[in-house]
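Asker: Starting from these lines, generate the structure:
(chains A and B)
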Amino acid sequence: AQSVTQLGSHVSVSEGALVLLRCNYSSSVPPYLFWYVQYPNQGLQLLLKYTSAATLVKGINGFEAEFKKSETSFHLTKPSAHMSDAAEYFCAVHMDTGRRALTFGSGTRLQVQP
Amino acid sequence: EAGVAQSPRYKIIEKRQSVAFWCNPISGHATLYWYQQILGQGPKLLIQFQNNGVVDDSQLPKDRFSAERLKGVDSTLKIQPAKLEDSAVYLCASSLVAGGSVNEQFFGPGTRLTVL
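Answerer: Predicted coordinates:
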């Protein structure tokens, strides 16, 4: 079975500071991993995805994530937080099977302080 | 390109009433998903369609929830009768997924259901 664990339901950073949102996965086969962002009263928007091509993945809005198989992690980072980054972030996984539905973590709410 | 459309955006009903949600996926997307997102949690899959056939409905509470995707395009999700614990955001997503390994899903804005 596949699952993801997001450490920290709330993260608060100052504007301009490093953003680090943690995600660990559990999968019996090589996974495909995703980070989605959800702004208030909106649907989920894809930030980036890991497809086994490159371990360091760059996404939109300056975010990136590194796949570390030895640590079963896929942490999301951004060098400098902006006020507009305040949102809920979800890590998700699916396997290369016919089902392909996403399994989501419980989410991390990012607050950016001025 | 138009995104995934959902309606209504908000719905308030009393317990034991029925409710229906509608989803129009991105044109050409063969696969459609309904997810339930309870406050403070990540989305959880309810049902997955491939064209108009069901691929996975193992987490759908079939005693009260039903879904259909006639003609392999639009889809409706129904709850009858609703319970208090059904209060959640219902997200519809679609993807191309005919071949290839990576399943990028595109999400609609969701329908926020409140059951009183």
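
Asker: give me the element residue A:110 is part of.
Answerer: Using DSSP states H and E, residue A:110 maps to strand A:108-113.

Asker: Send over that strand as PDB, restricted to the C-alpha atoms.
Answerer: Presented in PDB, the C-alpha positions along strand A:108-113 are these (Å, rounded to 0.1, in the frame of the first residue of the first chain):
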ATOM      1  CA  THR A 108       0.700  21.600   5.800                       C
ATOM      2  CA  ARG A 109      -0.600  25.100   6.300                       C
ATOM      3  CA  LEU A 110       2.100  27.600   5.500                       C
ATOM      4  CA  GLN A 111       1.800  31.100   7.100                       C
ATOM      5  CA  VAL A 112       4.100  33.800   6.000                       C
ATOM      6  CA  GLN A 113       4.700  36.600   8.500                       C
END
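
Asker: Report the mean per-residue pLDDT for that strand.
Answerer: Mean pLDDT, computed over strand A:108-113, is 97.

Asker: again, but for stretch B:90-104
Answerer: Computed over stretch B:90-104, the mean pLDDT rounds to 76.

Asker: First residue to last residue on that stretch, what's the distance there?
Answerer: Distances were taken as Cα to Cα, to the nearest Å; on that basis the terminal residues of stretch B:90-104 are 19 Å apart.

Asker: now do stretch A:105-114
Answerer: Counting by Cα to Cα, the length from the leading to the trailing residue of stretch A:105-114 is 28 Å.

Asker: That stretch vs chain B: in contact?
Answerer: Yes. Using Cβ under 8 Å from any Cβ of the partner chain, a contact is recorded between stretch A:105-114 and chain B, made by A:105-107. Where C-beta positions appear, they are placed from N, C-alpha and C, glycine not excepted.

Asker: Where does chain A get nearest to chain B, residue-wise?
Answerer: When you check chain A against chain B by Cβ to the nearest Cβ, the closest residue turns out to be residue A:104, at 3.2 Å.

Asker: Surely that residue is in contact with residue B:42?
Answerer: Yes. The criterion here is Cβ atoms under 8 Å, and residue A:104 meets it with residue B:42 at 3.2 Å.

Asker: between the two, what contacts are shared?
Answerer: A shared contact of residue A:104 and residue B:42, defined by Cβ atoms under 8 Å, 6 or more residues apart in numbering or on different chains, is any residue touching both; here these are A:90, A:92.

Asker: Selection in PyMOL covering whichever of the residues of stretch A:105-114 next to chain B are buried, please.
Answerer: Once 16 or more other Cβ atoms under 10 Å in any protein chain shown is used to decide burial, the buried members of the residues of stretch A:105-114 next to chain B can be selected in PyMOL as follows:
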select buried, chain A and resi 105+107
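
Asker: Can you give me the neighbour number for the closest residue to residue A:3 other than its chain neighbours?
Answerer: Spatial nearest neighbour of residue A:3, excluding adjacent residues (Cβ to Cβ, 6 or more residues apart in numbering or on different chains): residue A:26 at 4.7 Å. Other residues lying near residue A:26 total 13 when counted by other Cβ atoms under 10 Å in any protein chain shown.

Asker: Much appreciated, bye for now.
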